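In: sequence and predicted structure below; questions after.
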Amino acid sequence: PRTARFAVLGSCLVAPLAHKWYLYLETLVPGTSAVVALKRTALDQAIFAPALVATFMAALGVMEGRPAAEIRKRVARDLPDAMVTNWCLWIPAMAVNFRYVPLDYRVLFGNVVELVWGTYISWKTQDGDNGYTEL
């Protein structure tokens, strides 16, 4: 069930949003220079990443059948740590992505990095010592 939830969220939430976001960033910050890549990375990690990670965590809680109050509490508790880890992985990855990867392949590149991120976020939101209880 957990793998299925991640697959649904990845394909129905993350990938479509990332695709639209990358297209939007292309028009917002046009060009291909290193400065453009850094601007896109900054916007991506300051605006898109926190919203996406929080939404992902909340959607996962909904799919697990958790009450809204519990979901809010867990997102508030876990989001800061998740974002620090996110920035350690995704800032360099997105700088490379925006600088060197053609627009048509950016989501694919992100999916490869997502294998590492997905492992971390699965651990971060799992049941066990971190206070999560499987339904």
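Out: Arrived safely, thanks for sending. None of the values given here were measured: they were computed from a predicted structure.
In: packing partners of the lengthiest helix in the chain?
Out: As assigned by DSSP state H, the longest helix anywhere in the chain is helix 68-100. Judged by 3 or more C-beta pairs under 8 Å, 6 or more residues apart in numbering; DSSP states H and E, helix 68-100 is in contact with helix 34-43, helix 49-63, helix 106-124. (Each C-beta comes from the backbone N, C-alpha and C, glycine too.)
In: any chance of those in JSON lines, with distance to Arg2, mean pLDDT and mean neighbour count too?
Out: Converted to JSON lines, those look like this (distance: least, C-beta to C-beta, whole Å; pLDDT from 0 to 100; neighbours: other C-beta atoms under 10 Å):
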{"stretch": "helix 34-43", "distance to Arg2": "30", "mean pLDDT": "97", "mean neighbour count": "17"}
{"stretch": "helix 49-63", "distance to Arg2": "9", "mean pLDDT": "95", "mean neighbour count": "17"}
{"stretch": "helix 106-124", "distance to Arg2": "7", "mean pLDDT": "88", "mean neighbour count": "15"}
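In: closest to Ala7 out of the ones you listed?
Out: Judged by C-beta to C-beta, the one of the helices and strands packed on helix 68-100 that comes nearest to Ala7 is helix 106-124, at 9.9 Å.
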